[in-house]
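Participant: how does the following fold in three dimensions:
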Amino acid sequence: MKKINLAITGCLGRMGQQLIKTSKINKNFKLISLTENKIINKKIAGVRPSLNTENAFKKAKVIIDFTVPECTLEVLKIAVKLKKKVVIGTTGFTKKQENIIKRYSKKIPILKAGNMSLGVNLLMYLTEIASKSLDSNFLTRVFEVHHRNKKDYPSGTALMLGKGIAVGKNKDFYKLIGKKYLNKRSFPYGKKINFNSQRKGSVIGKHEVSFSTGKEKVSLNHEAFDRALFSEGALTAAKWIINKRPGLYSMRDLLSFK
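Facilitator: Next comes the predicted model:
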């Protein structure tokens, strides 16, 4: 099988570095392009990084982007012009930015996921089932922990799980968002979805969805121990999207969850 030409954005970031490491040992890909938001005068994994330009992406078959929303939209604008396929792991998009991504996906195939882990996507699926099955007496909350350097909160995964709750209840997620707490020891359940984010140490990722009536509690949780699981998931997504038509896909599409 011919190797797939791969471009990775945000090559100096945590996930950028992990993606480079994982791609170099994955036989399905050839790393041909790295980009960053500043000039770097040295090669990384045999590739000299550049800024996000048409020239940087023109030989790539697929682009994997784990950066920040503004950068992702910049990358997508170029990808649409060049007809490139894109895997997005970036989180923290506004509703307006989400709509821009949807518009771009009408022209190129885009797989976007707040988390590339099989376990987390299974957790979201189970969250939808639980939310649909439990009546309105069960109030909800989402708790998450990440390393101290993670800037956005709630995390993209926490928001994914919140959307799972909303889907289960057949309600608009944005109308169901409750209070957002940071580094609280405890926080309340609510008729809307309350979130609590903790930032400490080097924690890769912990997430818990809870439903409670006050008389009983149902909890679903996931914990990540190795960042490689996210880069491996992203590469699996990149391989999967190669033969797809324009559209906005998710890990759920890849995993064939109903």
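Participant: where do the strands sit along the protein?
Facilitator: Ranges of strands within the chain are 4-8, 29-34, 62-65, 85-88, 109-112, 139-146, 177-182, 193-199, 205-212, 217-224, 247-249, based on DSSP state E.
Participant: any idea how many residues pack against residue 77?
Facilitator: For residue 77, the count of nearby residues is 12 (other Cβ atoms under 10 Å). All C-beta atoms are positioned from the backbone trio N, CA, C, and that covers glycine.
Participant: quickly list the domain ranges of this protein.
Facilitator: By the assignment in automatic domain parsing, the chain contains the domains 4-112+227-255, 118-224.
Participant: how far does the longest one sit from the chain's center?
Facilitator: Put simply, domain 4-112+227-255 sits 12 Å off its chain's centre (Cα atoms, centre = their mean, to the nearest Å).
Participant: for stretch 142-152, same thing?
Facilitator: The answer for stretch 142-152 is 14 Å, by Cα atoms, centre = their mean.
Participant: swap in stretch 95-113?
Facilitator: Centre-to-centre, stretch 95-113 and its host chain are 13 Å apart (Cα atoms, centre = their mean).
Participant: what's the first-to-last distance across that stretch?
Facilitator: 15 Å (Cα to Cα, to the nearest Å).
Participant: go on, stretch 64-71?
Facilitator: Start and end residues of stretch 64-71 are separated by 12 Å (Cα to Cα).
Participant: stretch 165-183 too?
Facilitator: First residue to last in stretch 165-183 (Cα to Cα) measures 22 Å.
Participant: what's the spacing between residue 56 and residue 47?
Facilitator: Using Cβ to Cβ, to the nearest Å, one gets 10 Å for the distance from residue 56 to residue 47.
Participant: also residue 84?
Facilitator: Applying Cβ to Cβ, the value for residue 84 to residue 47 is 17 Å.
Participant: mind checking which of the two has more residues around it?
Facilitator: Using other Cβ under 10 Å, the more surrounded residue of residue 84 and residue 47 is residue 84, with 21 against 16.
Participant: isn't the more buried one up against residue 61?
Facilitator: Yes. Assessed by Cβ atoms under 8 Å, residue 84 is found in contact with residue 61 at 7.4 Å.
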